[in-house]
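Q: Attaching a predicted model along with its sequence, questions to come.
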Amino acid sequence: MELALRIQIEELPEGYFLATSDELPGLIAQGRTVAEALEIARDVARKLIDARLERNEAPNLPSTAERRDYTIVVAA
């Protein structure tokens, strides 16, 4: 089952990118690029969700079939 998770990306003064999620407490990932931060965030999310499942705590996240959020970037 695939879960959908909103990720926020913040550019740090040092030039790195920080990925966090309000939906999955404890998810913090840092990368040199946005893509790298997102890739690391995906791995951290898997580990956090697996740990919750081991403790019989089901994550309260929508599946990809249930979520319909989109972001587009438009050059001005």
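A: Yes, it's here. Numbers count the residues shown, from 1 in each chain.

Q: ok, residues contacting the helix or strand bottoming out on mean pLDDT in the chain?
A: Across the helices and strands of the chain, mean confidence by mean pLDDT, DSSP states H and E is lowest for helix 34-54: a mean of 92. Residues outside helix 34-54 that contact it (C-beta atoms under 8 Å, 6 or more residues apart in numbering): 3, 5, 7, 9, 16-19, 21, 24, 26-31, 58-59, 61. C-beta: built from backbone N, CA, C; applies to glycine.

Q: Which ones among these lie within strands?
A: Here DSSP state E is the test, and the contacts of helix 34-54 give 9, 17-19, 28-31 as lying in strands.

Q: mind listing what's buried in the least confident helix or strand of the chain?
A: 37, 40-41, 44-45, 48-49 (16 or more other C-beta atoms under 10 Å).

Q: okay if I get these as TSV plus distance to E66?
A: Converted to TSV, those look like this (distance: C-beta to C-beta, whole Å):
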residue	distance to E66
A37	25
I40	25
A41	20
V44	22
A45	17
L48	20
I49	16
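
Q: Show me which of the contacts of helix 34-54 are buried.
A: Buried among the contacts of helix 34-54 by 16+ other C-beta under 10 Å: 3, 5, 7, 17-19, 21, 24, 27, 29-31, 61.

Q: And the pLDDT at T64?
A: With respect to pLDDT, T64 has a value of 68.

Q: The closest residue to L3 other than its chain neighbours and D43: what is the separation?
A: Distances taken as C-beta to C-beta, 6 or more residues apart in numbering place L61 nearest to L3, at 4.4 Å, with adjacent residues excluded. Distance, L61 to D43, using C-beta to C-beta, to the nearest Å: 16 Å.

Q: ok, now Y16?
A: 17 Å.
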